[in-house]
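Visitor: pasting the sequence and the predicted coordinates here, then a few questions.
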Amino acid sequence: MKYSSKFQSVCQIDKRKWILVVVLVAVTHLFCQTLMLPYGNALHSLLSESNTQLSEKVSLLSKESSVVESTKVGEGFSGTLSSFDDVHMLAHRLKTVDNSDVSEDGEIDESVNEKDEVKPHSNHSVVKTMENDSDFVEDATIENDNLFDEMVDMDEETTMQKNNESKWDLSIEQVVKTTDELSADSDLDANRNTVLNDTKAANVTNSSSVEASNHLDNLPLVAIGEINFIRTTGNNSSTGNLTQLLPNNGNHSLVLSTVKKKMRCMLPPKTVTTISQMERLLVRHRARSRAMRPRWSSERDKEILAARLQIENAPLIRNDREIYAPAFRNMSMFKRSYELMERILRVYVYKEGEKPIFHQPIMKGLYASEGWFMKLMEGNNKFVVKDPRKAHLFYLPFSSRMLEHSLYVRNSHNRTNLRQYLKDYSEKIAAKYRFWNRTGGADHFLVACHDWAPYETRHHMEHCIKALCNADVTLGFKIGRDVSLAETYVRSARNPLRDLGGKPASQRKVLAFYAGNMHGYLRPILLEHWKDKDPDMEIFGPMPSGVASKMNYIQHMKSSKFCICPKGYEVNSPRVVEAIFYECVPVIISDNFVPPFFGVLNWDTFSLILAEKDIPNLKSILLSIPEKKYLDMQLAIRKVQRHFLWHAKPVKYDLFHMTLHSIWYNRVFQTKAR
């Protein structure tokens with residue numbers, strides 16, 4: 001009995017030791033698994049999978065690879081996601097934005113863009129295609145680049161990405177899309193819009209699960225926000241998530257988490273700045289310059305300050321033979337400023353920068369404005385000086401379109417390397433020359449028409465004067481300092497004035513006309529209210545490509561009283577200048593858009609600027625305009641048309657001179673004395 005009790009005591013001690021050993025082994029195992037597994041799901045490898053909700057966060061990073069971290073999910077996914085390859089395949093079908101892409105206001109930036117890759121052709125075929133290019137201003141060519149929202153700095157988080165495919169040896173013509181690519185672009189954009197509409201409709205669901213289709217092919221091409229793969233039991237789902245179920249062999253489901261935020265370009269702006277508010281901002285910024293005070297004085301600053309005094313005290317001029325006085329805010333100040341610009345202004349063009357991003361203009365297509373200005377500025381003997389010490393302004397001659405084409409890694413959803421490239425360039429300029437450091441870049445300017453330019457030039461070029469097509473006051477465009485660049489769609493580089501003009505007012509029988517793709521949130525609303533609803537309102541969707549379609553499009557603009565210019569993905573649209581080109585009164589429908597040359601032109605005299613909320617009342621607004629006022633607007637269109645035209649050799653008051661004058665004019669009112 002004595003030995004039995006001792007034996008039991010020993011056994012109990014040994015049992016405790018064994019339990020302790022087992023516990024230590026288990027803890028060690030869990031610790032090792034935690035270090036090895038990507039998201040700390042070690043516990044799931046020990047527990048029964050039929051009773052556990054396994055959550056895997058799949059992040060499709062837009063960085064060096066698109067590798068999807070996968071974890072064994074058991075028999076519940078057999079036949080659906082049975083291997084890493086399956087998950088990787090699904091990852092390519094579900095495109096998300098990295099959590100590091102955060103906008104300045106702290107919200108997740110979930111805009112996505114897929115650039116159509118430029119296919120190399122022989123020079124002969126490219127030239128032939130370009131000469132036969134007959135596409136009208138079709139948005140598949142124009143605005144399918146504009147899906148990216150502004151993102152926060154990721155310079156320290158992301159390394160520079162280099163495109164493995166060599167694009168540097170492509171000709172300029174190969175950057176401009178051909179007509180054959182339009183149909184593919186249109187199909188892609190149609191798929192995107194379908195997905196976005198479905199997402200918008202599904203976003204109202206809180207925690208209920210929505211059954212997906214039986215095939216992976218029917219998954220949405222664009223999924224915005226953070227995607228979680230959650231294996232649930234029965235009807236369980238994560239509370240507050242929009243679930244999208246995939247078929248499987250058991251009760252387990254693949255759940256797509258809530259779309260946290262739609263793309264900014266697919267939502268109306270949070271705030272709206274009216275034209276009257278913009279005008280008040282312009283007056284305030286004219287009176288109170290926000291430019292950096294120069295570190296040391298310069299003779300050039302004294303000349304600019306003297307010119308400002310003359311402009312502010314310009315002699316009153318009521319009529320002028322050269323320009324149309326009612327179209328200007330203050331014709332007297334404009335005339336005096338223009339005369340002083342021609343007499344005084346000198347510009348230094350930096351020679352630094354390698355082609356094709358620098359010194360290689362695009363003369364045709366949507367981004368032609370930046371190319372034409374670059375060519376005419378660099379070849380100008382009147383304003384350009386070789387000695388930077390004699391310059392009042394310094395030009396950074398880069399092409400935002402070529403920057404995107406040369407450096408952007410397709411499908412990477414990451415533009416950090418584009419901005420880093422310009423940052424390195426500006427630092428190189430600052431290190432080599434003393435002029436940048438004197439004013440912090442305030443006497444430097446750039447001209448960029450690509451919609452990514454506000455992002456690419458933010459921070460490191462923040463004090464520069466920016467002439468931008470994407471002139472959105474909610475995206476950092478500074479009224480009074482920056483310049484709204486006229487976005488011109490040039491069809492023929494040899495003859496940019498081809499098809500200029502339109503029918504007289506008495507022969508314009510169509511009240512309003514619009515045709516184009518359904519980019520953004522606004523255009524579908526326009527078509528919803530007016531497509532096939534009224535014979536006076538010729539509002540169409542995309543028109544087919546081809547010569548006949550192009551001529552039909554042009555003839556519609558030449559024969560219409562008003563041409564509707566709704567925003568696409570961004571606030572700018574080439575239709576504004578195109579309407580002026582064909583002498584059709586532009587009706588601008590784009591909240592927060594700063595019209596070209598806003599600092600000097602009075603747009604009320606030759607255009608209508610309507611709020612987006614006025615679309616349902618569009619016809620009544622147009623009909624309410626008296627005939628006399630319409631005829632005055634039609635006359636003003638013909639008078640101001642000269643300010644929106646490119647010429648092989650610059651002509652007084654043309655688009656080149658108006659752009660340069662706006663840059664000069666803003667610099668005059670932003671210059672501070674030491």
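Guide: Thanks, I have it.
Visitor: buried residues, the helix or strand harbouring R280. List them.
Guide: Assigning secondary structure by DSSP states H and E places R280 in helix 275-287. Neighbour-count burial for helix 275-287 flags I275, M278, L281, L282, H285, R286 (criterion: 16 or more other C-beta atoms under 10 Å). C-betas here are computed from N, CA, C, even on glycine.
Visitor: the last one reaches G480, doesn't it?
Guide: Spelled out, it's R286. Yes - counting by C-beta atoms under 8 Å, R286 touches G480, with 5.8 Å between them.
Visitor: which neighbours do the two share?
Guide: Residues touching both R286 and G480 comprise F669, with contact defined as C-beta atoms under 8 Å, 6 or more residues apart in numbering.
Visitor: contacts only, for E528.
Guide: Contacts for E528 were tallied using C-beta under 8 Å, 6+ apart; there are none.
Visitor: where's it, which helix or strand?
Guide: Counting by DSSP H and E, E528 is found in helix 522-530.
Visitor: got the contact list for L393?
Guide: Shown in contact with L393 (C-beta under 8 Å, 6+ apart): L345, R346, V347, Y348, D443, H444, F445, I465, I663, W664, R667.
Visitor: tell me what it is bridged to.
Guide: V347 (DSSP bridges).
Visitor: so for it, what's the pLDDT?
Guide: For L393, the pLDDT comes out at 98.
Visitor: same question, N495
Guide: 94.
Visitor: can you report phi and psi for it?
Guide: In terms of degrees, to the nearest 10, the main-chain angles of N495 are phi -140, psi 80.
Visitor: quick one on the thing from earlier: distance to S332 and pLDDT for the buried residues of helix 275-287 - can I get that in a markdown table?
Guide: Rendered in a markdown table, the data for the buried residues of helix 275-287 read as follows (distance: C-beta to C-beta, whole Å; pLDDT from 0 to 100):
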| residue | distance to S332 | pLDDT |
| --- | --- | --- |
| I275 | 22 | 94 |
| M278 | 22 | 96 |
| L281 | 22 | 93 |
| L282 | 17 | 94 |
| H285 | 20 | 89 |
| R286 | 15 | 86 |
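Visitor: out of the residues you listed, who's nearest F540?
Guide: Comparing the buried residues of helix 275-287 against F540 with C-beta to C-beta picks out I275 as the nearest, at 27.9 Å.
Visitor: quick one: the closest one and I609 touch, right?
Guide: Yes - using C-beta under 8 Å, I275 and I609 qualify as a contacting pair, with a distance of 5.6 Å.
Visitor: residues that sit against both of these two, list them.
Guide: Taking C-beta under 8 Å, 6+ apart as the contact rule, I275 and I609 both touch W603.
Visitor: poorly predicted segments of this protein, please.
Guide: By pLDDT under 70, the low-scoring segments of the chain are 1-13, 32-262, 547.
Visitor: so N417 belongs to a strand, correct?
Guide: No - following the definition DSSP: H, G, I helix; E, B strand; the rest coil, N417 is helix and is not counted among the residues of a strand.
Visitor: tell me how many other residues surround it.
Guide: 20 (other C-beta atoms under 10 Å).
Visitor: what does P626 give?
Guide: By other C-beta under 10 Å, the residues close to P626 number 8.
Visitor: mind listing what the closest residue to R346 other than its chain neighbours touches?
Guide: Of all residues not flanking R346 in the chain, V385 sits nearest, at 4.6 Å (C-beta to C-beta, 6 or more residues apart in numbering). Contacts of V385 were listed using C-beta under 8 Å, 6+ apart, and they are R346, V347, Y348, A391.
Visitor: any idea how far K628 is from V385?
Guide: 49 Å (C-beta to C-beta, to the nearest Å).
Visitor: try N517
Guide: According to C-beta to C-beta, N517 and K628 sit 36 Å apart.
Visitor: the two - which one has more neighbours?
Guide: Relative neighbour count places N517 above the other of N517 and K628, with 23 against 8, counting by other C-beta under 10 Å.
Visitor: so that one, which state does it fall into?
Guide: In terms of secondary structure, N517 is coil; the call rests on three-state DSSP.
Visitor: before we move on, the earlier item: and of the contacts of V385, the nearest to S426?
Guide: Out of those, the one with the shortest distance to S426 is Y348. That distance is 15.2 Å, counting by C-beta to C-beta.
Visitor: so that closest one is in contact with N380, correct?
Guide: No - taking C-beta under 8 Å as the definition, Y348 is not a contact partner of N380, at 11.9 Å.
Visitor: between those two, who's got more neighbours?
Guide: Y348 (22 against 14).
Visitor: excluding chain neighbours, what is closest to the more buried one?
Guide: Ranked by C-beta to C-beta, 6+ apart and with sequence neighbours excluded, the top spatial neighbour of Y348 is A391, at 3.6 Å.
Visitor: so who does that neighbour touch?
Guide: Residues near A391 by C-beta under 8 Å, 6+ apart: R300, R346, V347, Y348, V385, F435.
Visitor: wait, what's in contact with I564?
Guide: Contact criterion C-beta under 8 Å, 6+ apart gives A512, F513, Y514, L526, I539, R575, V587, I589, L618 as the residues in contact with I564.
Visitor: that one: what's its closest spatial neighbour, skipping adjacent residues?
Guide: For I564, ignoring the flanking residues on the chain, the nearest one in space by C-beta to C-beta, 6+ apart is Y514 at 3.8 Å.
Visitor: what is the one you found paired to in the beta sheet?
Guide: Using DSSP bridges, the bridge partners assigned to Y514 are I539.
Visitor: if I look at it, how far off is G541?
Guide: Distance, Y514 to G541, using C-beta to C-beta: 9 Å.
Visitor: can you check N319 too?
Guide: When N319 is compared with G541 (using C-beta to C-beta), they lie 45 Å apart.
Visitor: and the two? Which one has more around it.
Guide: The residue with more neighbours, out of N319 and G541, is G541; 16 against 9, by other C-beta under 10 Å.
Visitor: so the more buried one sits against M518, correct?
Guide: Yes - taking C-beta under 8 Å as the contact criterion, G541 and M518 are neighbours in contact, 6.4 Å apart.
Visitor: overlap of the contact sets of those two?
Guide: L527.
Visitor: now do H556: how many residues are near it, please.
Guide: Other residues near H556 come to 20 when the count uses other C-beta under 10 Å.
Visitor: my guess is it contacts G516, does it?
Guide: No - distance between H556 and G516: 11.5 Å, which falls outside the contact criterion (C-beta under 8 Å).
Visitor: before we move on, back to that, list the buried residues of the helix holding E528.
Guide: Neighbour-count burial for helix 522-530, with 16+ other C-beta under 10 Å as criterion, is recorded at L522, R523, P524, I525, L526, L527, H529, W530.
Visitor: same check on stretch 409-421?
Guide: When burial is assessed from 16+ other C-beta under 10 Å, stretch 409-421 yields the following buried residues: V409, N411, S412, H413, N414, R415, T416, N417, L418, R419, Q420, Y421.
Visitor: ok, now stretch 325-333?
Guide: Buried residues in stretch 325-333, counting neighbours by 16+ other C-beta under 10 Å, are found at A325, A327, F328, N330, M331, S332, M333.
Visitor: can you tell me how far the fifth one is from T659?
Guide: When you say that, I think you mean M331. Shown here: M331 relative to T659, a distance of 19 Å by C-beta to C-beta.
Visitor: what sits against S332?
Guide: For S332, the set of contacting residues under the criterion of C-beta under 8 Å, 6+ apart consists of A314, P315, L316, I317.
Visitor: among those residues, which ones are buried?
Guide: Buried among the contacts of S332 by 16+ other C-beta under 10 Å: A314.
Visitor: and of the contacts of S332, the nearest to C449?
Guide: Of all the contacts of S332, C449 sits closest to A314, with 31.5 Å by C-beta to C-beta.
Visitor: in what helix or strand does the closest one lie?
Guide: Under the criterion of DSSP H and E, A314 resides outside all helices and strands.
Visitor: now it: closest residue in space, sequence neighbours ignored.
Guide: Nearest non-adjacent residue to A314 (C-beta to C-beta, 6+ apart): R336, at 3.7 Å.
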